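>>> Quick one, what's the 3D model for this:
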Amino acid sequence: MALIEAVDYEAQRIYLGADSVGLAGLDLLDVYRVVRQRRRLNESDRRFAPLIFGGGNLPKSPGRFTPAYVLLTPGTTIIPYDAPHTLRITREIFTKDGIEGLACFDRSPLTAQVDFEYNIPQVEIIVINGGSGLTAAQESHLFSLGTPQQNADALLGTELP
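As a prediction, this is how the structure comes out:
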């Protein structure tokens, strides 16, 4: 059993395997990784252009980035495994020609009933600077101020016990 049963590059179809049935959620990045691995191992697959790409972490604005996603080439569809089940999709998917979500899947060649749940978390990656935020001059000034005890002594004019 496997996550991917077959890849038909000429018809632009990726056929999911039996391991895609019964998952709590199908991460389409796993589909991308398996297809990429098959291309590395099978010279016959490398004769064709890739059908699927993984991406993400694209800048949206300073410090904000997109979550990971899967991109299909125009005309490519994913065919679920032909067994009754619910396919739970947990990763955003779209094509270069504007098709997205469940429209990237094709149930027409199936004989079994396959239902879909498309639950994509609304995620955005935000990067926060973890530094102190002080310049070297500010840090030097802070260290020159002395300890709390030294400051209290200077204010009161006497040493505290």
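>>> Of all the residues in the lengthiest helix in the chain, which ones are buried?
Taking DSSP state H as the assignment, the helix of the chain that covers the most residues is helix 28-41. Neighbour-count burial for helix 28-41, counted by 16 or more other C-beta atoms under 10 Å, picks out 28-32, 34-35, 38-39. (Each C-beta comes from the backbone N, C-alpha and C, glycine too.)
>>> Considering these, which is situated nearest to Thr86?
Leu28 (15.8 Å; C-beta to C-beta).
>>> Touching, Thr73 and Val35? I think so.
No - look at Thr73 against Val35 with C-beta atoms under 8 Å: they stay out of range, at 11.6 Å.
>>> Quickly list what's touching both of those two.
By the contact definition C-beta atoms under 8 Å, 6 or more residues apart in numbering, Thr73 and Val35 are jointly contacted by 50-52.
>>> Count residues in the vicinity of Pro84, would you?
Pro84 has 11 neighbouring residues, counting by other C-beta atoms under 10 Å.
>>> What separation do you get for it and Pro74?
Pro84 sits 31 Å away from Pro74, going by C-beta to C-beta, to the nearest Å.
>>> No more questions from me, cheers.
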